[in-house]
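Undergrad: predicted model and sequence follow; I will ask about them next.
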Amino acid sequence: MCGRFTLFAGADDLGERFSVSVPAEYSPRYNVSPSQPVPLIGDDDPGRIQFRTWGLLPEWADDATEHGYINARAETIEEKPAFRSAVRRRRCLVPADGFYEWTGDRGSRQPYRVAFGDDRLFAMAGIWERWEGPRRQTGLDDFGVSGEEPAGSDGRDEPPTEVRETVAILTTAAAGPVAEIHDRMPVIFPPDREREWLDADDEERRAELLRPFEAPGFRAYRVSTAVNDPGNDEPALVEPMGS
DNA sequence: CCAGACGTTGTT
DNA sequence: GTCTGG
DNA sequence: CCAGACGTTGTT
DNA sequence: GTCTGG
């Protein structure tokens, strides 16, 4: 799965760890949730952190109010119409220093945080998408300037009325301590192979990178149910609660 | 051919 | 039960 | 992912 | 856009 995560590293640490520039709007997060902006490193501009909305909206979606896909299964991502074009041409790394998993029944969901003992940063596999709303079809621009535009234009030269950039996180079989509480987890790369994902235009190379990686040193520990509410976002959320 | 879906997770 | 919002 | 809403009318 | 179902 992976429907929540943490990224509370300082801007300097984040920039240094991934060799990227970090924009001023970056701030530490203890409960990043679907529908929110996610800091990521995209293959379109791998030298900086960008923000894209969590919930991938395919280019053919009818409107931007539809539910996006927050996860994509690594095992089938090459075949699925919703993900195929993105995995071929629009990949990204999603930096994190932990992610949350839940156990128990609805109404009493117990969250766990999975992270390295020292909370060091790692990279999750992502794909992103650009969704463009309908274009005007008037053939005139906003100031009524008559250009080369012939009447009855199909609007292809007009700017889209709305542009949304979204992201989904890839999942795979859980490995190591995560398997104790869950059967799925985000795809995580060994640090020395992260950059290959952004450059993996070949399907066999992607398959190689997407194999489950049992990150040495990962731990899962119980945290407060305050994590359940996406509106909560403070350092106390990552404090251990005891078994 | 056209119409309609296109996804993951967890839970019962 | 199912959808929407964060 | 979980939490919370889930509806209409008329009036200010 | 592209695939599946009828």
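TA: Alright, I've got the coordinates.
Undergrad: for the residue of chain A found nearest DNA strand D, what are phi and psi?
TA: Closest to DNA strand D within chain A is A:G3: 1.7 Å, counting by Cβ to the nearest atom of the strand. Using the backbone N, CA and C atoms, a C-beta is placed for each residue, glycine as well. For A:G3, the backbone dihedrals (degrees, to the nearest 10) come out as phi -120, psi 10.
Undergrad: correct me, but it touches A:Y69?
TA: No: judged on Cβ atoms under 8 Å, A:G3 makes no contact with A:Y69 at a distance of 11.5 Å.
Undergrad: out of these two, which sits in the busier spot?
TA: Taking neighbours as other Cβ atoms under 10 Å, A:G3 and A:Y69 compare with A:Y69 leading, 22 against 18.
Undergrad: pLDDT at the more buried one, what is it?
TA: pLDDT, A:Y69: 94.
Undergrad: hey, what's it bridged with?
TA: Applying DSSP bridges to A:Y69 yields these beta-bridge partners: A:L56.
Undergrad: A:P58 versus that one, what's the distance?
TA: Computed as Cβ to Cβ, to the nearest Å, the A:Y69 to A:P58 distance reads 8 Å.
Undergrad: what about A:P23, how many neighbours?
TA: By the criterion of other Cβ under 10 Å, A:P23 has 12 neighbours.
Undergrad: how about it: what's its closest non-neighbour residue?
TA: Distance criterion Cβ to Cβ, 6 or more residues apart in numbering; nearest residue to A:P23, sequence neighbours excluded, is A:I49 at 6.1 Å.
Undergrad: that neighbour reaches A:V20, doesn't it?
TA: Yes: counting by Cβ under 8 Å, A:V20 is a contact partner of A:I49 at 5.4 Å.
Undergrad: re earlier: tell me, what's touching A:Y69 and A:P58 both at once?
TA: Shared contacts of A:Y69 and A:P58 (Cβ atoms under 8 Å, 6 or more residues apart in numbering): A:A82.
Undergrad: counting neighbours, what do you get for A:E239?
TA: A:E239 - counted by other Cβ under 10 Å - has 11 other residues nearby.
Undergrad: OK, contacts around it?
TA: When contacts are counted by Cβ under 8 Å, 6+ apart, A:E239 touches A:223-224.
Undergrad: enumerate the residues of chain A near DNA strand E.
TA: A:58-60, A:81-82 (Cβ under 7 Å from any atom of the strand).
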